[in-house]
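Novice: I'd like to go over a predicted model; first the sequence, then the structure.
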Amino acid sequence: MLFMIIASINFATHFLVWRRRSAMPYRNDPEARWVVFTLLASALLIAVFLWQRETYATFGEALRYASFNVISRRPAPPAPASR
């Protein structure tokens, strides 16, 4: 899952991290911060929902499944043009 999170961040930010040999570009880039925040918040909220509905026995298990699904979810393809 770590590689999926890394892949969701803009390549230019990774390039700056590699070039400067510092992780500060991740912290300074608003897009990277929002991507990580959105992934973490979504996974946490979905995990709480699944745990409260007793879909999974433990919160850890609910968090594991929720985080994998949030991180690996691709956006839907665009709708076909109407005629």
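Specialist: It's in.

Novice: contacts and neighbour counts: CA atoms only from here.
Specialist: Fine.

Novice: remind me which residues of this protein are low pLDDT?
Specialist: 74-83 (pLDDT under 70).

Novice: now the helices for it?
Specialist: Counting by DSSP state H, the chain has helices at residues 2-7, 11-20, 24-28, 30-52, 59-72.

Novice: Next, format the ones you listed as a markdown table and append mean neighbour count.
Specialist: Shown next, in a markdown table, are these (neighbours: other C-alpha atoms under 10 Å):
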| stretch | mean neighbour count |
| --- | --- |
| helix 2-7 | 10 |
| helix 11-20 | 13 |
| helix 24-28 | 14 |
| helix 30-52 | 16 |
| helix 59-72 | 17 |
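
Novice: what's the spacing between Leu63 and Ile5?
Specialist: As judged by C-alpha to C-alpha, to the nearest Å, Leu63 and Ile5 stand 16 Å apart.

Novice: again but with Phe59, I slipped
Specialist: Counting by C-alpha to C-alpha - Phe59 and Ile5 are separated by 21 Å.

Novice: likewise Ala32?
Specialist: Distance from Ala32 to Ile5, by C-alpha to C-alpha: 10 Å.

Novice: now Glu31
Specialist: Distance from Glu31 to Ile5, by C-alpha to C-alpha: 13 Å.
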